[in-house]
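Undergrad: How does the following fold in three dimensions:
(one chain, ligands or ions: 3)
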Amino acid sequence: MSYKAKFRIWRGEGGEGKLEDFTVEVNEGEVVLDIIHRLQATQAPDLAVRWNCKAGKCGSCSMEINGKPRLGCMTRMSTFAEDETITVTPMRTFPVIKDLVTDVSFNYQKAREIPSFTPPADVKPGEYRMKQIDVERSQEFRKCIECFMCNNVCHVIRDHEENKVNFAGPRFLMRIAELDMHPYDVADRKDIAQDDHGLGYCNITKCCTEVCPEHIKITDNALIPMKERVVDRRYDPLVWLGNKILRR
Ligand code: SF4
Ligand code: F3S
Ligand code: FES
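TA: Residues are numbered from 1 along each chain as shown. Ligands and ions are numbered 1, 2, ... in the order given. Predicted coordinates for the structure are as follows:
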């Protein structure tokens, strides 16, 4: 069964733009990205959208649909009423390049700032042995498809451009937590999480967890445990004393 849907889509570039109205055909089983492709093919050939896999795995097609961050390729049209106007806008936290395409280089910059996996010098590759529980813990975090919807929705940077320099966002605080939990990682990640990547800015609103298309429990399994690790380091007088003595 086909029907005509009403879409309002953000068009513009260089900080300027407006919502444009379209009426477009929808067929059974289609997703929002299908409709955007139909608009490109029929009414708006220059409508810009980033996508790649159309299978929820590349993380490219992040956008805001009716104000909520979603993957265009995983949002079924059957989610909406047929007479509903569907508003599609680019992710708000990142600068718009054109239409629905944002410049997400903030995220790659933050990724580069995190020191890489640092195994002990005396353990050679092939000698690493991990308990299954540690494997499973990091496997959850490695399901991340880098759609950056968690960073997009976090209020720390969504409404405060000035915080971007000091805050890596949930995706990369999760990466730090993953490395800190790795039994073979010997880098000291606790102080940099707090001081350089803004872990303290996170006040556990859990909006990041709510939008994650991979259903990663970012807040409960990465951010809160990382906060606990930092607190143990900073406020446990015995840990503090032990560090002092060892550093002498
Ligand atoms: Fe996307 Fe989830 Fe990864 Fe964040 S943690 S970038 S929401 S997949
Ligand atoms: Fe932001 Fe997630 Fe913390 S949305 S405030 S990083 S719990
Ligand atoms: Fe790859 Fe949507 S196109 S996640």
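
Undergrad: What segments of this structure are strands?
TA: Assigned by DSSP state E, the strands in the chain fall at 3-13, 16-26, 62-65, 68-71, 85-89, 96-98, 101-102.

Undergrad: I'd like the ones you listed as TSV, with mean neighbour count, distance to ligand 1 and mean pLDDT appended.
TA: (Each C-beta comes from the backbone N, C-alpha and C, glycine too.) Converted to TSV, the strands of the chain look like this (neighbours: other Cβ atoms under 10 Å; distance: least, Cβ to the nearest ligand atom, whole Å; pLDDT from 0 to 100):
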stretch	mean neighbour count	distance to ligand 1	mean pLDDT
strand 3-13	16	21	97
strand 16-26	14	25	97
strand 62-65	23	8	98
strand 68-71	22	8	98
strand 85-89	19	18	98
strand 96-98	18	19	97
strand 101-102	20	14	98
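
Undergrad: and this protein, which of its residues are near ligand 1?
TA: Counting by Cβ under 6 Å from any ligand atom, the residues of the chain close to ligand 1 are 144-150, 171, 211-214, 216, 218.

Undergrad: give me that answer again for 8 Å
TA: 59, 62, 107, 141, 143-151, 170-171, 174, 208, 211-214, 216, 218 (Cβ under 8 Å from any ligand atom).

Undergrad: and ligand 2, which of those reach it?
TA: Among the residues of the chain next to ligand 1, ligand 2 is touched by 150, 170, 208, 218 when using Cβ under 8 Å from any ligand atom.

Undergrad: Got a quick PyMOL command for the buried subset of the residues you listed?
TA: Restricted to buried positions by 16 or more other Cβ atoms under 10 Å, the PyMOL selection for these reads:
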select buried, resi 150+170+208+218
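
Undergrad: Could you export the ones next to ligand 2 among the residues of the chain next to ligand 1 to a markdown table, including columns for pLDDT?
TA: Below are those laid out as a markdown table (pLDDT from 0 to 100):
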| residue | pLDDT |
| --- | --- |
| 150 | 98 |
| 170 | 98 |
| 208 | 98 |
| 218 | 98 |
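
Undergrad: farthest pair in the ones next to ligand 2 among the residues of the chain next to ligand 1?
TA: With Cβ to Cβ as the measure, no two of these lie farther apart than 150 and 218, at 6.0 Å.

Undergrad: which residues are common contacts for these two?
TA: 170-171, 208-209, 212 (Cβ atoms under 8 Å, 6 or more residues apart in numbering).

Undergrad: pretty sure residue 82 contacts residue 2?
TA: No - contact status for residue 82 versus residue 2: not in contact, 10.4 Å apart, counting by Cβ atoms under 8 Å.

Undergrad: Residue 106 - how many residues pack around it?
TA: 19 (other Cβ atoms under 10 Å).

Undergrad: pLDDT below threshold where in the chain?
TA: 234-248 (pLDDT under 70).

Undergrad: For the residue sitting nearest the centre point of it, give me its contacts.
TA: Among the residues of the chain, the one closest to the centroid is residue 148, at 2.7 Å (Cα atoms, centre = their mean). For residue 148, the contact set (Cβ under 8 Å, 6+ apart) comprises 59, 62, 91, 94, 104, 107, 169, 171.

Undergrad: any idea how far residue 128 is from the nearest residue to residue 182 once chain neighbours are set aside?
TA: Leaving aside its sequence neighbours, residue 182 sits nearest to residue 138 (Cβ to Cβ, 6 or more residues apart in numbering; 6.3 Å). From residue 138 across to residue 128, the span is 12 Å (Cβ to Cβ, to the nearest Å).

Undergrad: Bridge partners for residue 64, pull those for me.
TA: Residue 64 has the following beta-bridge partners by DSSP bridges: residue 69, residue 89.

Undergrad: Could you pull out the helices in the chain for me?
TA: 32-42, 105-112, 132-141, 149-153, 155-158, 169-181, 190-195, 207-211, 224-235, 237-247 (DSSP state H).
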